[in-house]
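1. just coords:
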Ligand SMILES: CCCCCCCC(=O)CC(=O)SCCNC(=O)CCNC(=O)[C@H](O)C(C)(C)COP(=O)(O)OP(=O)(O)OC[C@H]1O[C@@H](n2cnc3c(N)ncnc32)[C@H](O)[C@@H]1OP(=O)(O)O
Ligand SMILES: NC(=O)C1=CN([C@@H]2O[C@H](COP(=O)(O)OP(=O)(O)OC[C@H]3O[C@@H](n4cnc5c(N)ncnc54)[C@H](O)[C@@H]3O)[C@@H](O)[C@H]2O)C=CC1
């Protein structure tokens with residue numbers, strides 16, 4: 001009862017916070033997802049601060065954004081290379097970088113986290129930022145598989161906390177899953193929904209249930225593909241060709257796993273297995289665990305199920 005009362009108090013204490021128009025965005029984590037979200041937010045006129053643990057990582061992230069913008073410009077400004085270059089520079093001016101998440105959060109309407117898929121690390125960072133971020137600032141996580149309720153639990157802004165789950169590659173994928181917990185206020189949810197639309201994405205509304213919509217369907221498919229191959233029922237190449245040509249997927253499951261990152265997939269499966277140990281769907285997958293132990297995390301490290309000549313970043 002005391003817990004329930006505390007939740008209600010928190011909810012009402014911030015009821016003065018109405019729909020927040022998101023202009024200044026801090027993105028924690030400049031990896032595949034954080035850099036992609038930063039690119040899209042900067043392209044749509046937001047002022048973005050990208051935060052990571054070192055200047056070297058941030059340099060690589062900004063280089064990745066520039067590379068991705070060049071791909072966009074090649075098509076959009078095919079006949080006007082100078083206008084294309086101007087466009088890239090304008091977008092890049094909207095992106096600043098920092099290794100100090102606290103000072104970045106102090107100037108933000110939204111703090112969006114896209115760091116490693118680890119509950120404790122995500123909780124710790126939000127706990128720290130909760131103390132320094134302005135009252136109106138909304139917190140959101142891009143987690144693939146962790147309950148938003150659990151991530152939010154170390155903060156005092158449960159009503160201003162939600163999920164914003166983007167898809168990889170962010171500049172190309174149109175979907176955002178907007179996740180409300182039982183404590184997320186309507187104003188917060190509407191602000192996140194509106195932000196997704198301003199980014200040019202199509203939002204869908206999700207409950208805070210494991211894997212939301214897409215990953216609840218995609219992860220079982222992916223693990224079954226690996227097990228099918230482990231049983232000797234098909235080569236990786238044949239499974240990928242089969243799903244591309246037989247089911248119309250743009251990538252086969254092994255290509256997609258490498259693209260997403262095998263470490264992220266292992267974090268998801270291990271996490272779900274710990275919560276539901278008797279579910280055979282999430283039992284350890286030998287081949288995946290071996291590749292992760294060897295540091296073969298997919299495209300981002302140059303090798304996963306396949307070998308890659310060119311790294312993503
Ligand atoms: C897996 C289960 C476990 C998941 C758990 C964690 C993950 C999650 O939580 C949620 C997820 O994100 S799941 C992954 C969702 N993503 C997908 O399914 C991607 C599937 N692949 C594709 O759509 C295309 O192969 C793709 C669009 C990537 C590339 O298209 P193509 O194959 O045709 O190759 P390209 O010819 O290189 O590209 C086509 C056009 O797209 C442009 N482009 C691609 N990447 C870009 C990027 N990063 N930035 C900017 N532009 C980009 C490229 O320039 C090209 O444009 P055009 O030349 O005009 O056609
Ligand atoms: N890879 C994918 O396809 C998708 C991943 N996600 C989720 O997005 C999140 C990030 O995934 P990726 O971008 O793929 O990972 P990644 O490994 O490419 O990038 C993670 C980044 O976070 C940084 N980081 C780690 N701890 C940090 C801290 N305490 N402070 C600041 N930065 C920190 C790392 O240095 C790294 O640059 C995960 O929660 C993942 O589940 C969601 C949708 C798709």
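-> Yep, it's here. Please read all numbers here as calculations on a predicted model, not as lab measurements. Ligands and ions are numbered 1, 2, ... in the order given.
2. CA only for contacts and neighbour counts going forward, please
-> Noted.
3. now the strand or helix carrying residue 229: buried residues?
-> If you go by DSSP states H and E, residue 229 is part of helix 214-230. In terms of neighbour count (16 or more other Cα atoms under 10 Å), helix 214-230 has its buried residues at 219, 222, 223, 225, 226, 227, 229.
4. try stretch 181-188
-> Neighbour count says stretch 181-188 has 181, 183, 184, 185, 187, 188 buried, by 16+ other Cα under 10 Å.
5. any idea how many residues pack against the nearest residue to the second one once chain neighbours are set aside?
-> Read it as residue 183. Leaving aside its sequence neighbours, residue 183 sits nearest to residue 159 (Cα to Cα, 6 or more residues apart in numbering; 5.1 Å). Residue 159 has 28 neighbours, counted by other Cα atoms under 10 Å.
6. cool, residue 173 as well?
-> 12.
7. contact partners for it?
-> 166, 167, 201 (Cα atoms under 8 Å, 6 or more residues apart in numbering).
8. out of those residues, who's near ligand 2?
-> 166, 167 (Cα under 6 Å from any ligand atom).
9. CSV for the contacts of residue 173, including secondary structure and neighbour count?
-> As requested, the contacts of residue 173 are exported to CSV (DSSP: H, G, I helix; E, B strand; the rest coil; neighbours: other Cα atoms under 10 Å):
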residue, secondary structure, neighbour count
166, strand, 26
167, coil, 19
201, coil, 21
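10. apart from its chain neighbours, what residue comes closest to the residue of the stretch 51-200 of the chain at minimum distance from ligand 1?
-> The minimum distance from the stretch 51-200 of the chain to ligand 1, using Cα to the nearest ligand atom, falls at residue 167 (3.4 Å). Excluding its sequence neighbours, the residue lying closest to residue 167 (Cα to Cα, 6+ apart) is residue 173, at 5.8 Å.
11. next, that neighbour: phi, psi?
-> For residue 173, the backbone dihedrals (degrees, to the nearest 10) come out as phi -90, psi 130.
12. on that earlier part again, hmm, residue 202 and the residue of the stretch 51-200 of the chain closest to ligand 1 touching each other?
-> No. Counting by Cα atoms under 8 Å, residue 167 sits too far from residue 202 to count as a contact (11.4 Å).
13. what's the overlap in contacts for the two?
-> By Cα under 8 Å, 6+ apart, the residues touching both residue 167 and residue 202 are 174, 175, 176.
14. residue 293: neighbour count?
-> 10.
15. give me the pLDDT for residue 255.
-> Predicted confidence (pLDDT) for residue 255: 98.
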